[in-house]
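J.: my questions concern the predicted model and sequence given below.
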Amino acid sequence: MIRVGVFGANGRMGAEVCRAVQRVDGLQLVAAVDAGDPHDEAEGCDVIVDFTHPDAVMENIKWCIDRGIHTVVGTTGFTEQRLEQVRAWLADKPEVGCLIASNFSIGAVLMMHIAEMAAAYYPSVEVIELHHPQKADAPSGTAGSTVELIAAAREKAGLGEVPDATMHDPDGARGAVVQGVHVHSVRLQGLVAHQEVLFGGPGETLTIRHDSLDRASFMPGVVKAVQDVPSHPGLTLGIERLLGIE
Ligand SMILES: NC(=O)C1=CN([C@@H]2O[C@H](COP(=O)(O)OP(=O)(O)OC[C@H]3O[C@@H](n4cnc5c(N)ncnc54)[C@H](OP(=O)(O)O)[C@@H]3O)[C@@H](O)[C@H]2O)C=CC1
Ligand SMILES: O=C(O)C1=N[C@H](C(=O)O)C[C@H](O)C1
């Protein structure tokens, strides 16, 4: 039996995770912690799942690692600097695992993987991410992970700059430029989490789109991560290995 705690338990994702954990044999929900609650009720957990806020997540991860508790982290806002900090904390606790994923939905992981494959073949690329208006950050963590994969694939293929990346754009109508790729963030009532990756070359375009229509889409990935993390010490990024995608 894996004893599971959830940080951000009253939030949109945290509440869904609490319900999902309670439905799975072999997992036991023992702590549901939200902002302002004392963390000590989560002391005896084997794994803590964090869906909180980019401003809170680092402190939460440190709290868990210090106590030898494995973590599954869906909260966004990770930079290379933050990941280095997590690696440093884990170095002092070699038996502890921490899995951080910008997106736990299978379709989103496949979208990123397919975008990485396509990136070498098209000079033009842009990302449009679309989310509910309560989302705390922009661009999304998924868009950040996607452009990181695209940028690496472009570099490996010897592609130079995206052709129109230096256009005069005084009002930001062309979106943010992240790792050389234009990223547009739409926030709209009625949406959950969606992303399009658009590729363009001579006489053709390719659009890869993923839609999370319900937060249920993230739960199989979160549950797999909770079951996996105790046997995988150190830092794991993404759920690709859990899905057999490399
Ligand atoms: N990786 C993935 O697949 C996904 C990632 N996300 C990410 O997860 C995060 C949360 O999203 P969402 O559920 O929509 O956000 P919500 O705002 O609905 O939920 C976050 C919850 O965490 C609480 N909280 C804030 N700080 C702490 C803390 N220190 N300890 C415990 N609880 C805390 C908040 O309380 P209060 O409101 O009082 O501050 C709130 O109840 C975001 O970063 C989002 O991008 C979302 C969906 C999927
Ligand atoms: O805040 C959300 O809702 C989501 N956040 C993650 C992100 O920033 O990529 C994952 C998904 O897009 C939903």
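T.: That came through, no problem. Ligands and ions are numbered 1, 2, ... in the order given.

J.: what segments of the chain are helices?
T.: For the chain, applying DSSP state H gives helices covering 12-23, 57-66, 80-91, 106-118, 141-157, 219-228, 240-243.

J.: what pLDDT, on average, does the shortest one get?
T.: The one in question is helix 240-243. Mean pLDDT, helix 240-243: 94.

J.: ligand 1 contacts on this protein?
T.: 7-8, 10-14, 33-35, 51-54, 56, 60, 74-76, 101-104, 136, 141, 218 (Cβ under 6 Å from any ligand atom). In this view, the C-beta of every residue, glycine as well, is placed from N, C-alpha and C.

J.: please, a PyMOL command that selects the buried ones among those residues?
T.: The buried residues among the residues of the chain next to ligand 1 can be selected in PyMOL (16 or more other Cβ atoms under 10 Å) with this line:
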select buried, resi 7+8+11+13+14+33+51+52+53+60+74+75+76+101+102+103+104+141+218
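
J.: show me which residues of the protein are close to ligand 2?
T.: Counting by Cβ under 6 Å from any ligand atom, the chain comes close to ligand 2 at 76, 102-103, 131, 135, 140-142, 193.

J.: can we see that at 5 Å?
T.: Counting by Cβ under 5 Å from any ligand atom, the residues of the chain close to ligand 2 are 76, 102-103, 135, 140-142, 193.

J.: let me have the residues you listed in TSV, extended by distance to residue 24 and pLDDT.
T.: What follows is those, written out as TSV (distance: Cβ to Cβ, whole Å; pLDDT from 0 to 100):
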residue	distance to residue 24	pLDDT
76	24	97
102	23	98
103	20	98
135	27	97
140	27	98
141	25	98
142	25	98
193	23	98
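
J.: quick one: closest of the helices of the chain to residue 213.
T.: helix 106-118 (10.2 Å; Cβ to Cβ).

J.: check which helices and strands the closest one sits against.
T.: Applying 3 or more Cβ pairs under 8 Å, 6 or more residues apart in numbering; DSSP states H and E, one finds that helix 106-118 contacts helix 141-157, strand 193-201, strand 204-212, helix 219-228, helix 240-243.
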